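Student: How does the following fold in three dimensions:
(2 chains)
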Amino acid sequence: MPRLGADMTAGKVVKWLKRPGEAIKRGEVIAIVETDKANVDVESFIAGVLEKILVEPGDERFPVGTPLALIRAEGAIEPAARAAPAAVAPAVTSAPVPTVAIPPAAVAAAAAPPAAMRAAAPGAAGAGARARVSPAARKRALELRIDPTVLIGTGPEGRVTLADVERAAPAAPAAQTAQVAPAAPAAPAEPSPAAAAAARQLRMREAIASSMSRSKREIPHYYLACTIDMGRAMAWLAERNASRAVTDRLIYAVLLIKATALALREVPELNGFWIDNRAQPSAAIHAGIAISLRGGGLVAPALHNADQRSLDELMRGFQDLVKRARAWSLRSSEMADPTVTITSLGERGVESVFGIITPPQLALVGFGTPLERPWVVDGQVVPRPLLTATLSGDHRATDGHRGALFLAAMDRLLQQPEAL
Amino acid sequence: MSNDEIRDRVIKTLSGIVPELDAATLKLAKSLRDQLDIDSMDFLNFLIALHEEFGVDVPEADAPKLGTIDACVSYLEQALRQRTQA
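Tutor: Okay, here's the model as predicted:
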């Protein structure tokens, strides 16, 4: 069961999209897992063959780290010839107890009853407890696409060390666990759609409560705001949209996303995570876009590599995310990857939003509505669409001055919309 | 195409954007934005879906004319009629 978002502790398997024996490409969607926030398409992080499903769809919630299936890595030996070590790894993203305790991918581990592995996982990944993982181990685990929080640590106070990760690496290359949450609709005793929606709503509220409480408890926020003249950007957008078919139009929020991503390149310490008592900036900029759900709640799935994509690409990605978020259908990478969150509350006339950072991210960028207001340009008072942009920053990682540089960069970028 | 048929297809198209839409309680003359809590992205997706359903491209300047179901029906009826005549 992968961790699909910082606040996820458990999930249900809704559906398997692959059967045992089927080939799987890296990045291919293999299962659907229900978290408190969405039905998430779980993508395989390795190529191989689905060896065995360990958790069938159902209503039971399994903790993060529970092995969901076994995947034989591409090039690994057929099950018949499995005497050789390292052939099959338990498809466990995260329950490497057997793989660590037992020599590399011993067949016994691969063949271990799911119950055994499941029992192993909670100890490591257990109900919300965050595993202690050394920065080097975390970095290496990321490279190996292993979830370090489910490893058994041998360092001080059970800390997961680089050596622990390295030990798990050869054994678990093919192992992929998807956390599976039983989907209410798939359950045999099917509750009414309204009851299922209400239950989902309640769980989402709980997830948001947990994440936001943690943020306010742990993160010393600082807040900055600046007023941005959106005159040029809005005029450029209107002109561009006027000549375009409805399918090729942009909304101004896309300009804000791109400007945010480019400004983060200039102030990279606002992009990334606070883990193990230190800031760990991310080279990639994956913008988590806050999308409100009708009826309450919100999700903030990632627009990957937002700084590198054209406005048209970002627009298509954004449209797709909104549609899928509202249909409760997101992908695992979208839920787990955001390095920063962007929230735009401009739809209903809100002037400014001072957001709460999504842990363990380092910052949140907020936008209000562009409102026509008097503004001084070249000594003349003129009407301009003014937008309040805000930054909520983690004061452990950055100071107000760096935050101010970020907002100034964003203002500058939005004055040249054609260059975005 | 009759207005009734256009209306049914508009509502069906809208339910693709707003899955929880209840056709029985939808008010035809009331602002879609207000009664369904849709935002600008939903609305653009709705216009795109209408384009796919009816083959009518709504220019940016005309978008405000499609604020209610009734308004959509009358706009589309006119656009389809003009197309037939052309």
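Student: hmm, who's touching the top helix by length along chain B?
Tutor: Longest helix in chain B, counting residues (DSSP state H): helix B:69-85. Identification of contacts with helix B:69-85 by CB atoms under 8 Å, 6 or more residues apart in numbering or on different chains yields B:1, B:3, B:6-7, B:10-11, B:14, B:26, B:28-29, B:32, B:50, B:54-56, B:58, B:62, B:65-66. C-beta: built from backbone N, CA, C; applies to glycine.
Student: Please give the element, helix or strand, for the residue nearest to A:His221 when sequence neighbours are not counted.
Tutor: Counting by CB to CB, 6 or more residues apart in numbering or on different chains, A:His221 lies nearest to A:Ser392, which is 5.3 Å off, once chain neighbours are set aside. Element membership of A:Ser392 [criterion: DSSP states H and E] is strand A:380-394.
Student: Show me what that strand is packed up against.
Tutor: Packing partners of strand A:380-394 (3 or more CB pairs under 8 Å, 6 or more residues apart in numbering or on different chains; DSSP states H and E): strand A:221-229, helix A:231-242, strand A:363-367, strand A:371-377, helix A:400-414.
Student: ok, the residue lying closest to A:Val381 once chain neighbours are set aside to A:Leu386 distance?
Tutor: Nearest-residue entry for A:Val381: A:Pro374, 5.1 Å, with adjacent residues in sequence omitted and distances by CB to CB, 6+ apart. For A:Pro374, the distance to A:Leu386 equals 9 Å [CB to CB, to the nearest Å].
Student: Output the longest helix belonging to chain A.
Tutor: Under DSSP H, chain A gives helix A:193-218 as its longest helix.
Student: Now do it: distance to the chain's middle.
Tutor: Offset of helix A:193-218 from its chain centre (CA atoms, centre = their mean, to the nearest Å): 16 Å.
Student: and the angle for that helix with strand A:380-394?
Tutor: Angle, helix A:193-218 to strand A:380-394, by axes from the mean of the first three to the mean of the last three CA atoms, to 10 degrees: 80 degrees.
Student: quick check: angle from helix A:193-218 to strand A:363-367?
Tutor: Computed by the same axes, to 10 degrees, the angle between helix A:193-218 and strand A:363-367 is 120 degrees.
Student: Which of the residues in helix A:193-218 are classified as buried?
Tutor: Buried residues in helix A:193-218, counted by 16 or more other CB atoms under 10 Å in any protein chain shown: A:Ala197, A:Arg200, A:Arg203, A:Met204, A:Ala207, A:Ile208, A:Ser210, A:Ser211, A:Met212, A:Arg214, A:Ser215.
Student: Show the average pLDDT along that helix.
Tutor: For helix A:193-218, mean pLDDT is 88.
Student: same deal with stretch B:11-25?
Tutor: Mean pLDDT, stretch B:11-25: 89.
Student: For stretch A:312-328, report the contacting residues that lie outside it.
Tutor: A:38-39, A:200, A:248-251, A:253-254, A:257-258, A:289, A:291, A:293-294, A:299, A:301, A:303-304, A:306, A:309, A:330, A:334, B:17-19, B:41-42, B:44-45.
Student: For ChimeraX, write the select line for the buried members of those.
Tutor: Applying 16+ other CB under 10 Å to those leaves a buried subset, and the ChimeraX line that selects it is:
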select /A:38,39,200,249,250,251,253,254,257,258,289,291,293,299,301,303,304,306,309,330,334 /B:17,18,41,42,44,45
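Student: Where does the stretch 51-200 of chain A get nearest to chain B, residue-wise?
Tutor: Residue of the stretch 51-200 of chain A nearest chain B, by CB to the nearest CB: A:Ala197 (7.7 Å).
Student: Return the residues in contact with that residue.
Tutor: A:Gly295, B:Glu20.
Student: more neighbours, A:Pro374 and A:Leu386?
Tutor: A:Leu386 (19 against 9; other CB atoms under 10 Å in any protein chain shown).
Student: residues near the residue lying closest to A:Ile24 once chain neighbours are set aside, how many?
Tutor: Ranked by CB to CB, 6+ apart and with sequence neighbours excluded, the top spatial neighbour of A:Ile24 is A:Ser44, at 4.9 Å. Per other CB under 10 Å, the neighbour tally for A:Ser44 reads 25.
Student: go on, A:Glu372?
Tutor: 12.
Student: And it, how close does it get to A:Gly231?
Tutor: In terms of CB to CB, A:Glu372 sits 10 Å off from A:Gly231.
Student: Need the overlap of contacts for those two.
Tutor: With CB under 8 Å, 6+ apart, A:Glu372 and A:Gly231 have common neighbours A:Arg384, A:Pro385.
Student: And for the helix-or-strand element of chain B with minimal mean pLDDT, what's in contact with it?
Tutor: None of the helices or strands of chain B scores lower by mean pLDDT, DSSP states H and E than helix B:32-36, at a mean of 89. With contact meaning CB under 8 Å, 6+ apart, helix B:32-36 is reached by A:294, B:14, B:18, B:21, B:26-27, B:38-39, B:43, B:46, B:67-69.
Student: Greatest separation within these: which pair is it?
Tutor: Maximum pairwise distance among the contacts of helix B:32-36 (CB to CB): 19.0 Å, between B:Lys27 and B:Asp39.
Student: Looking at those two, which is more packed in?
Tutor: The residue with more neighbours, out of B:Lys27 and B:Asp39, is B:Asp39; 19 against 12, by other CB under 10 Å.
Student: Please tell me I have it right and that one contacts A:Glu347.
Tutor: Yes - the criterion here is CB atoms under 8 Å, and B:Asp39 meets it with A:Glu347 at 4.4 Å.
Student: what sits against A:His304?
Tutor: Neighbour list for A:His304: A:Ala284, A:His286, A:Gly317, A:Ser333, A:Glu334, A:Asp337 [criterion: CB under 8 Å, 6+ apart].
Student: and with 6 Å instead?
Tutor: Taking CB atoms under 6 Å, 6 or more residues apart in numbering or on different chains as the contact definition, A:His304 lies against A:His286.
Student: Could you report the pLDDT at it?
Tutor: 96.
Student: Would you check how far apart it and A:Gly366 are?
Tutor: 21 Å.
Student: Ok, A:Leu68 next?
Tutor: 36 Å.
Student: more crowded one of those two?
Tutor: Counted by other CB under 10 Å, A:Leu68 and A:Gly366 do not tie: A:Leu68 has more neighbours, with 32 against 23.
Student: Pretty sure that one sits against A:Val55.
Tutor: Yes - the pair A:Leu68 / A:Val55 is scored as a contact, 4.7 Å apart, by CB atoms under 6 Å.
Student: where does the chain dip in pLDDT?
Tutor: Looking at chain A here, since you left the chain open. Confidence mapping of chain A against pLDDT under 70 gives the ranges A:6-7, A:76-131, A:145-146, A:150-152, A:154, A:156-158, A:167-191.
Student: wrong one, I was asking about chain B
Tutor: Checking chain B against pLDDT under 70 turns up nothing.
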